[in-house]
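> next comes the sequence, and after it the predicted model I'd like to discuss.
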Amino acid sequence: MRLMQRNTTMNMITATFNRFKYALLTPLLLAFMAPNVSFAQECPEEIDNNERLMNYSLYYEAYKNKDYETALPYLNWMLDCAPGFTGKPPGDDRNFERGVNLFQGLSDGTEDAASKREFLDKALMLFDNAVPTLQSAGAQFDEHEWLFNKGRFIQRNAAVLDDMQSEAGPLYRSVYEGKPDLFGEQSAYYVRVIIVDMARKEMKQEAVDFMDDVESKYSDDSAVIAVLDEWRGKLFDSPEERMTFLEEQLDKKPGDLDIISELIDIYKELEERDKLSNMIAEMLEINPSPKLYVEAGVMKINDGDTNGAIENFNQALGMEGGDSVAKEANFNLGNAYRQNGNLSRARSFYRSALRADPEFRRVYAEIAGVYAEAVSECGGSAMEREDRAVYWLVADYLERAGERSAVSRYKPYFPSTEDLFFKGWTAGESYSIDYGCYSWINETTKIRKP
């Protein structure tokens, strides 16, 4: 009976010890690790191989069982006194690798935020000390793997190492420059991390150079190329920056249609007229299209070259796919002929634009303007009643365009009450504009009250 009670008591003590063991050992474990390359371990000048084997075996058995508290002092001795020792010369980096895993395990196993960070900091110290220590020991290892794994370690522990996330990009950049094969099938991901890091640090030109180099090495990797295409679009915030970048890219890739197309859009946005004109001309030489001919024509109208503009618009309509720009081409042909003073031809092309898009209400306002110009040409300063009657038709078209407020500008020029009486015109009745200088108009309107 006493034996059973004693066993029960021992079990309770053991359970209690195990429950609090980790909390009690945490500060002691942290104390083992001094904040420098050495763990403050006294190492004899000559170390017996049996001593190496003993410490190696003791830490490794505990490590395999995830008994990190037991493994730690023996691992400390190994890292300080026999860092590359694995039982067979010349040794390798497994002791350091297991040390990192040990501190990762300790960090994962505690809920205390400060302890989590301290354990991860010890692991980071191992990452920093591994390469020079192993080099001095003559062990076999891959320096770039340690850089790569450090970057992954920092990212894996982002919640705790949030202040260190900016270090992952440069680490992966060093790996890329030394041994990019380590990226494996995840190359696109690591390339993206490097670019994002450069973008955040405003290293835009360096990012451009990096992307050019990546493209030359990963030209057959569609996932990597997709990342490059995405970030070439995001890297520059302002149109001005984007313009400079694309111009540099075009110097490297003369005739690139995608770059030229984007530059045309940016030149329009920034109103870089000379550059836009030259770029459109270059694009027309390489890859003419109806849309480009329309854009070239609009620029010529603005420059006063209406004959050149008319030629461009006709070229657009005559090309395969010209129907896609029928509205724009015909509308601008109307503008060009109107600027030339050929009002009847202008109206003809405005009507063609309406046939291409019956909802294109702006055309009605332009036809109204054509008829108002016709009155100025035919009536001059001394308008007769028949000249003033044309303004009824002008008002009709402005109303169709939804510009009723503009009608008020022309009301003072409508025929007066006296004019209506003298001519025998009755408000509301139809009236044809088909006489004299206006015979080409040949449209019907309604007589309006003054």
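Everything's here; your move. Residues are numbered from 1 along each chain as shown.

> alpha carbons of the one helix or strand A346 maps to, as CSV, please.
For A346, the element it lies in under DSSP states H and E is helix 343-356. Output in CSV follows, covering the C-alpha atoms of helix 343-356 (Å, rounded to 0.1, in the frame of the first residue of the first chain):
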residue,chain,number,x,y,z
LEU,A,343,-20.0,72.0,-96.3
SER,A,344,-22.1,69.7,-98.5
ARG,A,345,-19.3,67.0,-98.5
ALA,A,346,-18.8,67.5,-94.7
ARG,A,347,-22.5,66.8,-94.1
SER,A,348,-22.3,63.7,-96.4
PHE,A,349,-19.6,62.2,-94.2
TYR,A,350,-21.3,63.2,-91.0
ARG,A,351,-24.4,61.3,-92.2
SER,A,352,-22.1,58.3,-93.0
ALA,A,353,-20.8,58.4,-89.4
LEU,A,354,-24.5,58.3,-88.2
ARG,A,355,-25.2,55.3,-90.4
ALA,A,356,-22.2,53.5,-88.8
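
> I'd like the average pLDDT over it.
For helix 343-356, mean pLDDT is 97.

> just checking, what packs against the helix or strand following it?
As assigned by DSSP H and E, the chain's next helix or strand after helix 343-356 is helix 362-379. Applying 3 or more C-beta pairs under 8 Å, 6 or more residues apart in numbering; DSSP states H and E, we find helix 362-379 packed against helix 326-340, helix 343-356, helix 385-400. (C-beta placed from N, C-alpha, C; glycine too.)

> right, and these - which one's nearest D221?
Among the helices and strands packed on helix 362-379, helix 326-340 comes nearest to D221, with 40.5 Å by C-beta to C-beta.

> in this structure, which ranges drop under the pLDDT threshold?
The model of the chain has pLDDT under 70 over residues 1-41.

> ok, the spatially most central residue of the chain - contacts?
The residue lying closest to the centre of the chain (C-alpha atoms, centre = their mean) is K234, at 2.6 Å. Neighbour list for K234: A199 [criterion: C-beta atoms under 8 Å, 6 or more residues apart in numbering].

> gap between it and Q155?
21 Å (C-beta to C-beta, to the nearest Å).

> what is the burial count for K116?
19 (other C-beta atoms under 10 Å).

> pretty sure it contacts G105?
No: between K116 and G105 there is no contact under C-beta atoms under 8 Å: 11.6 Å.

> can you pull the contacts of A395?
Here A395 is in contact with 368, 407, 410-411, 414, 448 (C-beta under 8 Å, 6+ apart).

> just V224 next, same as before
Here V224 is in contact with 187-188, 191, 214, 218 (C-beta under 8 Å, 6+ apart).

> rerun that using 10 Å as the cut-off
By C-beta atoms under 10 Å, 6 or more residues apart in numbering, the contact list for V224 reads 183, 187-192, 211, 214-215, 217-218.

> now these as CSV including distance to D229?
Listed next are the contacts of V224 as CSV, based on distance: C-beta to C-beta, whole Å:
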residue, distance to D229
F183, 19
S187, 15
A188, 11
Y189, 16
Y190, 17
V191, 12
R192, 12
M211, 10
V214, 12
E215, 10
K217, 16
Y218, 12
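
> now a ChimeraX select for only the buried ones of these.
Of the contacts of V224, the buried ones can be selected in ChimeraX as follows, counting by 16 or more other C-beta atoms under 10 Å:
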select :183,187,188,190,191,192,211,214,218
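
> the contacts of V224 into TSV, with extra columns for secondary structure?
Listed next are those as TSV, based on DSSP: H, G, I helix; E, B strand; the rest coil:
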residue	secondary structure
F183	helix
S187	helix
A188	helix
Y189	helix
Y190	helix
V191	helix
R192	helix
M211	helix
V214	helix
E215	helix
K217	helix
Y218	coil
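
> and which of the contacts of V224 is nearest to A137?
Out of the contacts of V224, the member with the shortest distance to A137 (by C-beta to C-beta) is F183, at 28.2 Å.

> I'd assumed E145 was in contact with that closest one.
No: using C-beta atoms under 10 Å as the test, F183 is too far from E145 to be in contact (11.8 Å).

> okay, and the common contacts of these two?
By C-beta under 10 Å, 6+ apart, the residues touching both F183 and E145 are V175.

> L106 contacts K116, doesn't it?
Yes: the criterion here is C-beta under 10 Å, and L106 meets it with K116 at 8.7 Å.

> can you put the helices and strands packed on helix 362-379 in TSV and add distance to Y74?
TSV is the format used below for the helices and strands packed on helix 362-379 (distance: least, C-beta to C-beta, whole Å):
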stretch	distance to Y74
helix 326-340	81
helix 343-356	86
helix 385-400	93
